[in-house]
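K.L.:
Sequence first, then the predicted structure:
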Amino acid sequence: MNQTRITALIASTFIFAASSAATADALTKIGKPEGQVNIVAWPGYIERGETSPDFDWVTGFEKATGCKVNVKTANTSDEMVALMNEGGFDLVTASGDASLRLIAGKRVQPVNIDLIPSWKTVDKRLQNAPWHTVDGTHYGTPYMWGPNVLMYNKDVFKEAPASWDVVFEEVTLPDGNTNKGRVQAYDGPIHIADAANYLMHHKPELGITSPYELNQEQYNAALDLLRQQRKLVSRYWHDAFIQIDDFKNEGMVASGSWPFQVNLLAADKQPISSTIPVEGATGWADTTMMHADADNPNCAYLWMEHTLASNLQSDLSVWFGANPSVPAACTDGRGMQTAAGCKLNGMEEFDRIKFWQTPVSKCKSQGQCVPYYRWVSDYIGVIGGR
């Protein structure tokens, strides 16, 4: 991780800590489309048929609106925050560990849900979610949600691993060999929450009630677990396609991952599957948010409405292995997804997922917690062997 990126990531956390919520006024009507919309998105989130001709929800939108869709992919929430701080983008598909930072840093603006007719179709559990709603004001449109799954090689694990211990502790795997050098971990500070989630189950005496709200003792325990994990990890991944290649060609057998990688590997006939172990999982609920200084707000609003179409939500749910923010996408038959497919993606696991959020010093569960800027610098230290 280079010094420029480190500086940008740490700077973004100070913006969160020092700023108050954005108060810019939302648009009151949609005007003439500007001709383009520039979006920062997770890999696989915005497809135009280039990866697979079966998945294209961009071409039709461009023809219907005249708004050309330009996409910049980002592999971590911190990259997204850094890009939005730099500017030049209209929208971002932000996870919960980025969205409140963007709101507090005044990098995004409120959205007028009256200009998004399909808002009423959004899952009631997401409409007022705390990662995009502040004091009753909405700062985005729900997009997709899902768990951070444990991906594993079925040639090694004849049955799904019951615990995350296969990536946190040195253990002998079912094939008789150690897991050392055969597992991966996520290259992002939010991975500290995965360690905390593991400790919630295995060390209840620590008193952790949220993996994002850690006092110093709890935080130290999570870092110690991550230092132990470092001895096992072959690669810290943040590029989904590199992780896919590692599981195909480099002997990796287990890692925290996204359903996106699992689906692509399975489609390529690789012996790969995933599970949510006994400890539960962290996860993400992503929101399409508009930059405070968006150059193309009319196209941005048109895109946000487009993303709530149940056929788009349905196909994206199949493609990414995630859950649609519009529940009808599972059942109305307008796209590829089915009720069984949504169940497989974890639609019924909502309450078992601890959704990403930005750690702050003034936390709800206890008096004082370790804030995110510490997570950034300390996780860099863990990866570096400190």
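P.N.:
Right, received. Where do you want to start?
K.L.:
alpha carbons only for contacts and neighbour counts from here, please
P.N.:
Fine.
K.L.:
What distance do you get for Asn296 to Phe89?
P.N.:
9 Å (C-alpha to C-alpha, to the nearest Å).
K.L.:
got any residues that touch both of those two?
P.N.:
Common neighbours of Asn296 and Phe89, using C-alpha atoms under 8 Å, 6 or more residues apart in numbering, are Val37.
K.L.:
how distant is the helix or strand where Asn298 lies from the center of its chain?
P.N.:
Here Asn298 sits within helix 297-307, counting by DSSP states H and E. Relative to its parent chain, helix 297-307 has a centroid offset of 21 Å by C-alpha atoms, centre = their mean, to the nearest Å.
K.L.:
where exactly do the helices run in the stretch 101-250 of the chain?
P.N.:
For the stretch 101-250 of the chain, applying DSSP state H, counting those that start in this stretch gives helices covering 124-127, 165-168, 191-202, 216-230, 240-249.
K.L.:
among those, which is nearest Glu348?
P.N.:
With C-alpha to C-alpha, the closest approach to Glu348 among these belongs to helix 124-127: 12.2 Å.
K.L.:
Next, the residues that contact that closest one from outside, please.
P.N.:
With contacts defined as C-alpha under 8 Å, 6+ apart, helix 124-127 is touched by Pro142, Ser325.
K.L.:
May I see the buried residues of it?
P.N.:
Applying a neighbour-count criterion of 16 or more other C-alpha atoms under 10 Å, the buried positions in helix 124-127 are Leu126, Gln127.
K.L.:
pLDDT on that helix, on average?
P.N.:
Throughout helix 124-127, pLDDT has a mean value of 95.
K.L.:
do stretch 35-45 as well
P.N.:
Mean pLDDT, computed over stretch 35-45, is 96.
K.L.:
Restrict that stretch to CA atoms and write it as CSV.
P.N.:
Provided in CSV are the C-alpha atoms of stretch 35-45 (Å, rounded to 0.1, in the frame of the first residue of the first chain):
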residue,chain,number,x,y,z
GLY,A,35,-25.6,13.8,-21.6
GLN,A,36,-23.6,11.7,-19.1
VAL,A,37,-23.3,10.5,-15.6
ASN,A,38,-20.0,9.6,-13.9
ILE,A,39,-20.2,6.8,-11.2
VAL,A,40,-17.8,5.3,-8.7
ALA,A,41,-18.9,1.7,-8.2
TRP,A,42,-17.9,-1.7,-6.8
PRO,A,43,-16.7,-4.1,-9.5
GLY,A,44,-19.6,-6.0,-11.1
TYR,A,45,-22.2,-3.5,-10.0
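K.L.:
so how far is it from its chain's centroid?
P.N.:
For stretch 35-45, the distance to the chain centre is 15 Å (C-alpha atoms, centre = their mean).
K.L.:
What are the buried residues along that stretch?
P.N.:
Buried residues in stretch 35-45 (16+ other C-alpha under 10 Å): Gln36, Val37, Asn38, Ile39, Val40, Ala41, Trp42, Pro43, Tyr45.
K.L.:
For the nearest residue in space to Ser274 that is not next to it in sequence, give its distance to Met252.
P.N.:
Leaving aside its sequence neighbours, Ser274 sits nearest to Met151 (C-alpha to C-alpha, 6 or more residues apart in numbering; 4.3 Å). Using C-alpha to C-alpha, Met151 is found at 10 Å from Met252.
K.L.:
Can you give me every residue that contacts Asp332?
P.N.:
If you count contacts by C-alpha under 8 Å, 6+ apart, Asp332 has them with Ser310.
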